[in-house]
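[1] have a look; sequence and predicted model below, questions after that.
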Amino acid sequence: MISVEELPTPSVLVDLDVLSQNVARMQRLANEAGVALRPHAKTHKSPEVGRLQLEAGARGLTLAKTSEAEVFAALGFDDLFLAYPIVGADKARRLLALADRVRLTVGADSVEGVRSLGGVFAAAGRRLRIRLKVDTGLHRVGVPPDCAVDVAARIAGLPGIELAGVFTHGGQGYGAPTPEEVARVGRAEARVLAETAAALRSAGLAAGDVSVGSTPTAASAMTGAGVTECRPGTYVYNDRSQVALGSCREADCALSIVAMVVSVPAGDRAVVDAGSKTLSTDPMRPVEDGFGAIVGLKSRIVRLSEEHGVLSVEPGERFRVGDRVRILPNHACVVANLHDELVAVRGDRVEGRIRVAARGKVQ
């Protein structure tokens with residue numbers, strides 16, 4: 001068994017103790033709120049972490065793409081929700097094969113998209129469970145709440161389709177300037193979605209599933225009246241943005257990167273061997289501030305190229321070539337997807353590897 005100091009750099013580390021604490025905490029919040037927890041596995045894309053979440057009490061997993069679901073189904077996961085508008089007969093045929101092995105639900109926000117799936121299922125004498133996505137403020141995908149009844153009624157009337165409920169993603173919480181505002185966004189997310197579900201039921205439509213999402217808004221949204229499920233993802237690892245948003249403390253960040261200083265060309269600048277291929281260029285939330293922080297110091301990464309992370313060295317701090325540093329990334333989900341495996345550690349002791357089995361699955 002080796003220590004972290006013996007690892008080659010850059011290496012992405014996951015602290016198993018912090019990971020377990022994060023999983024337990026979110027499950028406890030869901031249990032106290034009386035809702036099902038269905039974590040979004042796009043954060044970790046790992047069977048080992050997914051099983052940890054299920055063992056803690058999660059009902060199933062959330063994914064985005066059909067190919068991700070195929071990986072997890074092959075690894076024995078049997079209750080999956082694709083929280084993404086899947087479109088096309090080619091993907092419908094793959095979904096039909098998946099539905100033979102798992103309890104499958106798929107998100108949608110258009111009649112046209114659902115029709116492209118339902119025809120394949122109807123021809124096979126089957127029905128696909130669909131949740132309608134509602135835009136509760138992010139303005140990315142999802143139907144406006146005042147259009148939901150009409151769209152849901154048209155979807156419910158399509159052959160090969162079973163309308164199961166509604167869902168949303170409170171990603172607008174990532175732009176909230178304070179934890180109090182994040183909580184307000186979460187409460188609004190839950191209220192709007194629950195009101196939309198009630199409107200569907202009043203129109204005689206099925207809306208048993210009322211599913212909210214987003215790590216920043218999870219704690220406030222899951223307590224909303226009428227909510228049945230919550231789908232946070234990033235909480236499992238946490239990251240620099242979650243700390244800034246008030247979702248967690250720095251001590252709750254399970255994922256970090258150990259890197260080496262490879263150049264100190266000026267007193268105010270140093271370079272580490274972790275660039276965009278390791279850290280990603282995702283901005284800091286809610287306010288952009290570089291691409292990663294050096295743990296225990298004020299210096300931060302302010303510029304990335306593929307193999308270089310350029311540090312702005314704060315006054316009073318000093319780096320030497322050969323120094324090893326820990327980096328707290330802006331966005332853990334993207335970092336995990338950049339690597340085939342992560343290094344599992346407890347403190348400074350390496351315990352094993354975590355497979356990122358569904359990395360790069362985008363189809």
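    Ah, there it is.
[2] can we go C-alpha only for contacts and neighbour counts from here?
    Noted.
[3] check which helices and strands the biggest helix by length in the chain sits against.
    Criterion DSSP state H: the longest helix present in the chain is helix 179-202. If you count contacts as 3 or more Cα pairs under 8 Å, 6 or more residues apart in numbering; DSSP states H and E, helix 179-202 packs onto helix 148-156, strand 161-167, strand 209-213, helix 215-221.
[4] what about the helices in the stretch 1-150 of the chain?
    Along the stretch 1-150 of the chain, counting by DSSP state H, counting those that start in this stretch, helices occupy 16-33, 47-56, 66-74, 89-99, 111-123, 148-156.
[5] got the angle between the second one and helix 16-33?
    An angle of 40 degrees separates the directions of helix 47-56 and helix 16-33 when computed by axes from the mean of the first three to the mean of the last three Cα atoms, to 10 degrees.
[6] looking at the helices of the stretch 1-150 of the chain, which is closest to Val356?
    Counting by Cα to Cα, Val356 lies closest to helix 47-56 out of the helices of the stretch 1-150 of the chain; the figure is 7.9 Å.
[7] if we can go back for a sec, and the angle from the longest helix of the chain to strand 209-213?
    Going by the same axes, to 10 degrees, helix 179-202 makes 160 degrees with strand 209-213.
[8] in helix 179-202, what's buried?
    179, 182-194, 196-200 (16 or more other Cα atoms under 10 Å).
[9] neighbours of Asp17, just the number please.
    For Asp17, the neighbour count with other Cα atoms under 10 Å is 14.
[10] was I right to think Thr105 contacts Leu132?
    No: judged on Cα atoms under 8 Å, Thr105 makes no contact with Leu132 at a distance of 10.6 Å.
[11] and the two? which has more neighbours close in?
    In this view Thr105 and Leu132 are compared by other Cα under 10 Å, and Leu132 has more residues nearby, 31 against 20.
[12] got the contact list for Lys65?
    Lys65 sits next to Leu82, Tyr84, Ile86, Lys361, Val362, Gln363 when contact means Cα atoms under 8 Å, 6 or more residues apart in numbering.
[13] kindly apply the preceding question to Val111 instead.
    Val151, Arg154, Ile155.
[14] pretty sure Asp348 sits against Leu7.
    No: Asp348 is beyond contact range of Leu7, at 10.5 Å (criterion: Cα under 8 Å).
[15] how is this structure partitioned into domains?
    4-11+249-355, 17-237 (automatic domain parsing).
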